[in-house]
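1. Below is the structure, and that's it, no one-letter string:
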């Protein structure tokens, strides 16, 4: 998925909402393995992009 045009603020918000959706699915005991796996992969992709952008914008924190 191409997320390059999405702002950092939107990335953080989408990542949070995907996490909430996954938690809601677990709480309601909805078991749809394909959907759950896709959402987890998307959340991971968002997290990686968020960290990459942060590292690029803040090179002084790269060693942490």
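-> Nice, thanks for sending it over. These figures come from a predicted structure and were not determined experimentally.
2. can you count the residues close to the residue nearest to residue 15 when sequence neighbours are not counted?
-> The spatially closest residue to residue 15, leaving aside those adjacent along the chain, is residue 46, at 4.1 Å (CB to CB, 6 or more residues apart in numbering). All C-beta spots, glycine's among them, are computed from the backbone N, C-alpha and C. Here the number of neighbours of residue 46 (other CB atoms under 10 Å) works out to 23.
3. tell me the contacts of residue 46?
-> When the contact criterion is CB atoms under 8 Å, 6 or more residues apart in numbering, the partners of residue 46 are 3, 11, 14-15, 18.
4. Using PyMOL, define a selection of the buried residues within these.
-> Entered in PyMOL, the line below selects the buried ones among the contacts of residue 46, by 16 or more other CB atoms under 10 Å:
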select buried, resi 11+14+15+18
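5. Tell me the one among the contacts of residue 46 nearest to residue 38.
-> Distance to residue 38, by CB to CB, is smallest for residue 18 among those, at 10.0 Å.
6. Which helix or strand contains the closest one?
-> helix 8-27 (DSSP states H and E).
7. Check which helices and strands that helix sits against.
-> helix 33-57 (3 or more CB pairs under 8 Å, 6 or more residues apart in numbering; DSSP states H and E).
8. what angle do the worst-scoring helix or strand of the chain on mean pLDDT and helix 8-27 make?
-> Lowest by mean pLDDT, DSSP states H and E among the helices and strands of the chain is helix 33-57, with a mean of 94. Relative orientation of helix 33-57 and helix 8-27, computed by axes from the mean of the first three to the mean of the last three CA atoms, to 10 degrees: 150 degrees.
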